[in-house]
Every structure is written in C-alpha cells, then in structure tokens.
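J.: following is a predicted model, sequence given first.
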Amino acid sequence: MTNIINFSGGRTSAYMTKKLIDEGLKDYIVCFQNTGKEMPLTLDFINECDKRWNLNILWLEYRKGNKFEIVNYETASRDGRPFKEVIEHYKGFLPNVRMRYCTTELKIKTLKRYLKSIGIKEYTNYNGIRYDEPRRWAKIKEAKISIDVELPLVKSQTTKADVLKWWSKQEFDLKVKEPYGNCDLCFLKGKGKLAIIANEKPELFDWWIDNENKTNNTFKKEISYQMLKDKTVAQQGLFDEDPSFECFCNID
C-alpha cells in the first residue's frame with residue numbers, strides 16, 4: 001500500500017509530513033499540487049522543507065483537458081496558469097464558496113490522475129487537518145470516499161497552538177503572514193481580510209479581476225474583486241463580520 005502525504009504548503013501539513021517520516025512511515029510519496037496562485041513565499045517554504053528534510057517532493061500541476069504535468073520549484077507556474085486553464089475547462093464558470101472546483105480539480109483530481117498514470121490504484125491519503133478543525137475532519141469522516149484517508153493530527157489531538165509551538169523551535173518558518181494565505185487572494189477569505197490586502201498589495205487583485213472581466217462572472221457572489229480592490233482599510237469595518245473558510249490555502 002502506497003502512502004500519499006499531502007503537502008499543501010502550510011505549517012500544519014509540513015509539520016505532519018516531518019512527524020510521519022520521523023516516526024517511520026514507509027513507502028510514501030510527498031505531493032504538492034501547485035495552482036499557480038500560491039504566494040512566492042509559499043513555494044520558497046516548500047522548497048526549503050524539501051531540501052532540509054530530503055522529502056523528494058513531487059510537484060504537480062493541472063493541465064486543461066483533465067491532464068497533469070510534473071514540474072519542480074524552478075519550473076512551477078507563478079502566473080496562475082493551472083488555475084486559468086481549469087477556468088477555461090469549465091467554460092468561464094468561476095469557482096465559488098458553494099462550488100470549490102479549484103480544490104477538486106487542481107488539487108485532488110490532479111493527484112489522482114498522476115497516481116493512475118503510474119498504476120497506483122490503492123493508497124492511503126494522509127491529510128494535514130488538525131484536531132481543532134472539527135468541521136474539516138467531520139466532513140471527511142462522513143463522506144463516502146473510495147480511498148483510505150488518515151488524519152494523524154486528529155488522532156493525536158494536535159492543535160494550531162501545538163503546531164506553532166513546534167515551528168517556533170525550528171531554524172526556519174513559513175514567512176507568509178496573516179491575513180495573507182498560501183493562495184494569494186482565495187475567495188474563501190472574508191471580505192475584511194481581502195480589504196486589508198487590497199490596501200497593502202493591490203497588484204495581487206489584477207489576475208482575479210482579469211478573470212472576472214473575461215468571464216463576466218465573480219468569485220464571490222455579492223461583490224467583485226474590482227469592488228474589493230477599490231475599498232480601503234478605512235472601510236474595512238463594513239466587512240468585519242464576513243467569515244473566512246478553511247481550505248488548502250491556509251498558512252497554518
């Protein structure tokens with residue numbers, strides 16, 4: 001049985017990866033599926049983990065037509081190519097909170113397609129979900145899925161505080177800070193967080209605005225990224241009650 005370690009680029013998945021290997025997990029592949037919209041610092045962090053811990057991380061990217069490509073730190077897209085191609089595949093229908101096909105296609109199915117291509121049909125999937133993320137692990141336990149999913153950090157009751165304490169003792173760390181995430185402007189972020197980013201790094205909005213304009217659609221139902229970009233931190237209070245949702249994009 002092959003063991004697949006899902007490395008999302010956040011602190012928790014990196015922590016889980018290191019713990020699993022140190023505890024003697026065998027026959028494993030560490031996988032990272034790049035969307036092309038990860039923060040550059042996230043890619044730097046993944047590469048540093050890879051080199052320091054000898055992980056031999058497999059970097060994958062979605063390609064239009066239900067295909068994939070093996071890339072690496074140097075060749076990985078930094079201009080949103082995989083994300084753009086999956087939007088084209090869905091004929092301009094943008095992913096949103098209710099239909100998060102970006103995660104399904106760019107992350108989950110891209111990995112499945114690679115494994116199928118090398119003849120792996122049965123495997124155990126290790127996901128870096130913590131004990132203090134009950135909504136995430138409850139959904140996985142309730143879902144009817146055909147593969148074996150292991151949540152080692154839920155079993156060990158590991159929390160965000162435990163992960164951060166561990167990282168505080170390491171020689172390096174992920175340099176992405178809140179309110180930023182691994183996916184630069186994920187639509188699962190609350191509008192308040194996006195408003196802060198709009199004030200600090202408005203250029204990050206250009207890719208998202210361009211795709212909304214091209215498709216005549218929006219990532220968030222009630223507001224466009226152009227409207228968010230036009231807001232300032234002074235207006236952030238309008239969005240204080242807008243929640244963010246957990247995803248692969250989380251830095252912790």
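T.: Received the coordinates, thanks.
J.: where along the stretch 51-200 of the chain do the strands fall?
T.: Using DSSP state E, counting those that start in this stretch, the strands found in the stretch 51-200 of the chain span residues 58-63, 67-71, 123-126, 148-150.
J.: biggest helix in the protein, by residue count?
T.: helix 40-53 (DSSP state H).
J.: which one is residue 202 nearest to, not counting chain neighbours?
T.: residue 229 (5.6 Å; Cβ to Cβ, 6 or more residues apart in numbering). All C-beta atoms are positioned from the backbone trio N, CA, C, and that covers glycine.
J.: where do the helices sit along the stretch 1-150 of the chain?
T.: 11-22, 40-53, 81-89, 101, 110-117, 134-142 (DSSP state H, counting those that start in this stretch).
J.: what is the longest one packed up against?
T.: Helices and strands touching helix 40-53, by 3 or more Cβ pairs under 8 Å, 6 or more residues apart in numbering; DSSP states H and E, are helix 11-22.
J.: how far away from the center of its chain is the helix it packs on?
T.: Chain-centre distance of helix 11-22: 16 Å, with Cα atoms, centre = their mean, to the nearest Å.
J.: pLDDT wise, what is residue 212 at?
T.: In this model, residue 212 is scored at 97, pLDDT.
J.: check the secondary structure at it for me.
T.: With DSSP: H, G, I helix; E, B strand; the rest coil as the basis, residue 212 sits in helix.
J.: test my guess that it contacts residue 225.
T.: Yes - under the criterion of Cβ atoms under 8 Å, residue 212 makes contact with residue 225 at 5.7 Å.
J.: make TSV out of the strands of the stretch 51-200 of the chain and add distance to residue 187.
T.: Output for these, formatted as TSV (distance: least, Cβ to Cβ, whole Å):
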stretch	distance to residue 187
strand 58-63	18
strand 67-71	23
strand 123-126	25
strand 148-150	25
